[in-house]
Structures are given as structure tokens and as C-alpha cells.
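Asker: Provide a 3D model corresponding to the input given below.
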Amino acid sequence: MNRRCLAFQNMELDLWPVVDRAALSPEKRAFFELRLKAIDAYAMGATLREIEQETGINGRQLHRTLKRCLQQAEDGRIYGYRGLIKHSRVGAYLRTEGISDLHVSSKSGLAGAFAMLLESYPILCKWIAQKIKQHSISVIQVNTEGKLKIRLKGIKNLHASFIIQCRGAGISATEYPLNTDRMGIGAFASFVKREMLANFGTTAHAAGAKNLKGLPQPVVATQKGATYPYQIVEFDGHRLDVRLKIVIQDPLGLEQEFEIERIWLLVIIDVCTRAVLGYHLVLSREYSRYDVIKTIEKAITPHTSKIFQLPNVGYGASGGFPSGKLPELGYAIWERMRLDNAKANLSNETITALCEFIGCAVDAGPPHHPDDRPYIERFFGTIANSLSARMPGYTGSCTADVRRALADVKGNLRLFV
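Answerer: Below is the predicted model:
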């Protein structure tokens, strides 16, 4: 071994992916700890002779072990300490030997033959990926007492089409897989299953899922989180799922009750601290661009504490708004605002107010992906569960919501809040 090797000099063991030793069998744990001790000693500057005397691992074995640990895994990181697990594979098997008639007649020695076939004919691999994307095959879970087991439905028809593609690619009857008894259906099924299980969304769709929510998107994966307050804020409007009323007195002194058709809650929340910077209530069917600008104005203006008329109602010792607790946060502005693609949010007046007057960047995000703004969506979910759902006249999140039937007042306006 040569300590002047750059890869061995720049090893940062603190950043290596770790292994849960308790999950290993006693044999594998002893194997793992012995090599872990050797690598730690090598990183501390011990000589190869000292390492061999203490652990029994010579320089050639240590060099091979370090190369395994420094290889890149499928998750993009190096294997790290995961490469020390006994019988763990750190690379895919690549077949180098050709397929002879002896292999076909004995039905053995065909390991890696299907992978070599796809490597020789990339068009077949693209065809399989296209069929998986088109949901030409479905997944059925098999009930077992042990590990999860699935079965592929429609694999025979897909394999028959695959054989036609092989013939179209120029594979003769004397070549793999056409020269075998089952034409490689076992290796074909294993490859299809492995490709489907590599992606959760593909597997869920193949199992019958219609709508998938919460899956990570490529845009979301590249977004950087907020590391300090007022770096990133999120804005959205939420329609309260509840029927309310207004009670006024007419000139004769009689009370008149009117039901509010719809009420919107517009909120700006700070991502780093999860604090609400400002809010605005809209008593209308839809909120407009002027309501968005009004919310922005309230989030910047120093907050003035309200005086509540009801007893035992107030902000509490730890409640309130940032600008109300810390006066120096009055008129503080943020660097980036995340919002959805509503017309009121992307109007010229709103964009002008944000980009020119506030001086922040506007991140509208991709359409129909509310999970790009998880903090404001979670805040509105808390509002719905802890406030709206507990009030009489709750309309529910959908027509099938059982809480809607429980909160129905049968048109009795007197019972509305």
C-alpha cells in the first residue's frame, strides 16, 4: 500500500455512512469490528506491520477493503463502513465469458447472461423501461408471514412481446435467450421486478394507486432550506371550511342574522422559525391581488396587539407576532417568497410589489404541487383540524368527510358561530 495515494489521504471517517452493528449476526459483527479496527488504526497512522499483528489483516487485504469502502453506492454516497459487512456486494456482477452450447444444455452457468444481453442491445432495455412506464404490468402482493412478497401480473404476455423485440433486434435462434428452453423468462421477470421496485411511484402505480401525494420532486430536491429568519417565507390562501354568520342590529333595534358565504385566510409564514409574520381575512368568494398586497403590508408593518373582549382569551405568554415581540423587526423584509400559481399571486401588481418595493425573489414553483410549500400547508392543516373541524357548520374537506355530517346543523342559522 502507498500512503501517498490521494484517496487514502483524504479519508474523512466521520462522514462515512455508518452501520447498525446490532442488526448484524454475531459472525458478521466480529468480521465487521475487526476490519473497522484495522481501518481506524490505519487512519491514525499505524504501520501495516502493527495493523497485521493486532488484527491479522495484511496490507493487501486492507488495501482491497479500503477500495471497497471508497466506491460509490447507488444512493450517491460512498459505501463507507457499509463496505465492511461480510458477503455484501459493492458492485454489480459483470459477465465476461460468452455463452456456449454446454451452458445451454446443462442449464447452468448462465449468471449475468441477461445483463450482458441488455448491454449488447440497449434498445431492449429502453423497450422494457417504456413498458414499465406505460403500466403494461401490474403488481400483486402475496400474503406471507415473513418478508414482503409480490407477484407480477402479465409477465408472460410481456415476455412474449420481449421475444418478438429480440427477433426484431437481429438475435438468431442459436443465441441467448432464444436458444434456451424458457427463453430467459426467469431472468426477464427478475429484471422487471428489480426495475419496478427501484422507484416507489412506479411500484405504487403498478399496484393500483391512482393519486400519489408527497413524492419528492426533482425541483424540491434541489431547493435549499432556510438557515436564518426572513430568508424564505411562504404565502398561501386557505378557505375556511366552515359556515359563519354576522349579527347586526337594524334601526328598530332588532337583530338580523346573515350567513357569510365564504371566508379566506391569507397568511405569510417564515420557514426558518415557523412564525406567522402577518395574515389577512377576506370575506368574499375569492381573494384578489389587492388582498395579497394587503397581506404583505400587514406582514411588514409592526404588529399591534389586539384587545380581546372575551374573558380568558389572549395571545398568552409565548404568543404573538415577531414584530410585536421584537420592535426592531418592524418593516423587516425577506429574501425569497414561495407561493402558488394563483392569478392573484402572479398579477402584475403583486409581482411589482414583491420585486420592486420589497426587493425579494418570487418562487411560484411548478403547478399542482402544493408540497413545494410544506410549512404553510401544514399550518393550514392544523387550522382546519383544531379550529374549523370543531365548529358547528363545518363543511368538511370533501362530501364524504364524516365530520361534515356530524357538524351539520340542518340549516338552523341560530347554531352558526
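Asker: Leu266 is in what secondary structure piece?
Answerer: Element membership for Leu266, per DSSP states H and E: strand 264-270.
Asker: Pull out the CA atoms of that strand and give them to me as PDB.
Answerer: C-alpha atoms of strand 264-270 as PDB (Å, rounded to 0.1, in the frame of the first residue of the first chain):
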ATOM      1  CA  TRP A 264     -60.500  33.300   3.200                       C
ATOM      2  CA  LEU A 265     -57.400  33.300   5.500                       C
ATOM      3  CA  LEU A 266     -54.200  34.700   3.800                       C
ATOM      4  CA  VAL A 267     -51.000  34.000   5.700                       C
ATOM      5  CA  ILE A 268     -47.300  34.700   5.300                       C
ATOM      6  CA  ILE A 269     -45.100  32.300   7.400                       C
ATOM      7  CA  ASP A 270     -41.400  32.300   7.900                       C
END
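Asker: contact partners of that strand?
Answerer: Residues outside strand 264-270 that contact it (Cβ atoms under 8 Å, 6 or more residues apart in numbering): 226, 229-230, 232-240, 275-282, 284, 286-287, 291-292, 294-296, 299, 322, 334, 337, 375-376, 379-380, 383. Quick note: C-beta positions are derived from backbone N, CA and C, even for glycine.
Asker: State the distance from Ile140 to Gly201.
Answerer: Distance of Ile140 to Gly201, computed by Cβ to Cβ, to the nearest Å: 18 Å.
Asker: An error on my part: the question was meant for Met391.
Answerer: 37 Å.
Asker: From the neighbour counts alone, determine which of the two ranks first.
Answerer: Between Met391 and Gly201, counted using other Cβ atoms under 10 Å, the more crowded position is Met391 (15 against 11).
Asker: burial count for the closest residue to Gly365 other than its chain neighbours?
Answerer: Nearest non-adjacent residue to Gly365, counting by Cβ to Cβ, 6 or more residues apart in numbering: Asp372, 4.1 Å away. For Asp372, the count of nearby residues is 19 (other Cβ under 10 Å).
Asker: Does Asp372 touch Arg338 like I think?
Answerer: Yes: with contact defined as Cβ atoms under 8 Å, Asp372 reaches Arg338; the gap is 6.8 Å.
Asker: okay, and the common contacts of the two?
Answerer: By Cβ under 8 Å, 6+ apart, Asp372 and Arg338 have these common neighbours: Gly365.
Asker: Report the rounded mean pLDDT for whichever strand or helix holds Arg403.
Answerer: Remark: Arg403 resides in helix 402-406, with elements defined by DSSP H and E. Averaged across helix 402-406, pLDDT comes to 77.
Asker: List the buried residues of that helix.
Answerer: Residues Arg403, Arg404 are the ones in helix 402-406 that count as buried (16 or more other Cβ atoms under 10 Å).
Asker: what do you get for stretch 264-275?
Answerer: Those would be Trp264, Leu265, Leu266, Val267, Ile268, Ile269, Asp270, Val271, Ala275, for stretch 264-275 by 16+ other Cβ under 10 Å.
Asker: and it, how far from the chain's centre?
Answerer: 22 Å (Cα atoms, centre = their mean, to the nearest Å).
Asker: now swap in stretch 149-159 and tell me
Answerer: The answer for stretch 149-159 is 28 Å, by Cα atoms, centre = their mean.
Asker: Helices along the stretch 301-417 of the chain, start to end?
Answerer: 322-325, 348-352, 374-386, 402-406 (DSSP state H, counting those that start in this stretch).
Asker: Of the ones you listed, which is nearest Gln130?
Answerer: Proximity to Gln130 (Cβ to Cβ) singles out helix 374-386 among these, at 32.8 Å.
Asker: give me the low-pLDDT residue ranges for the protein?
Answerer: Residues of the chain meeting the criterion pLDDT under 70: 1-10, 91-96, 98, 100-107, 144, 213-224.
Asker: next one: the helix holding Arg403 to chain centre, how far?
Answerer: Relative to the centre of its chain, helix 402-406 is centred 31 Å away, using Cα atoms, centre = their mean.
Asker: again, but for stretch 60-71
Answerer: On Cα atoms, centre = their mean, the centre of stretch 60-71 falls 33 Å from the chain's centre.
Asker: So which residues make contact with it?
Answerer: With contacts defined as Cβ under 8 Å, 6+ apart, stretch 60-71 is touched by 1, 7-8, 11, 16, 35, 38-39, 42, 48, 51, 57, 78-84, 90-91.
Asker: And for stretch 282-294?
Answerer: 235, 237, 260-266, 280, 343-345, 347, 349-350, 353.
Asker: Now do the buried residues in it.
Answerer: Val282, Tyr287, Arg289, Asp291, Val292, Ile293, Lys294.
Asker: And the nearest residue to the second one once chain neighbours are set aside, how far from Asn412?
Answerer: Translated: Tyr287. Sequence neighbours aside, Trp264 is the residue nearest to Tyr287 in space, at 4.8 Å (criterion: Cβ to Cβ, 6+ apart). Distance, Trp264 to Asn412, using Cβ to Cβ: 25 Å.
Asker: ranges for the strands of this protein?
Answerer: Secondary structure of the chain (DSSP state E): strands at 138-142, 149-153, 232-239, 244-249, 255-260, 264-270, 276-282, 336-338, 361-363.
Asker: can you name the farthest residue from the center of the chain?
Answerer: Leu252 (60.3 Å; Cα atoms, centre = their mean).
Asker: Thr273 and Phe357, how far apart?
Answerer: Thr273 is 23 Å from Phe357, by Cβ to Cβ.
Asker: ah, wrong one, I meant Glu286
Answerer: Here Glu286 is placed at a distance of 24 Å from Phe357 (Cβ to Cβ).
Asker: cool, and Gln72?
Answerer: Computed as Cβ to Cβ, the Gln72 to Phe357 distance reads 48 Å.
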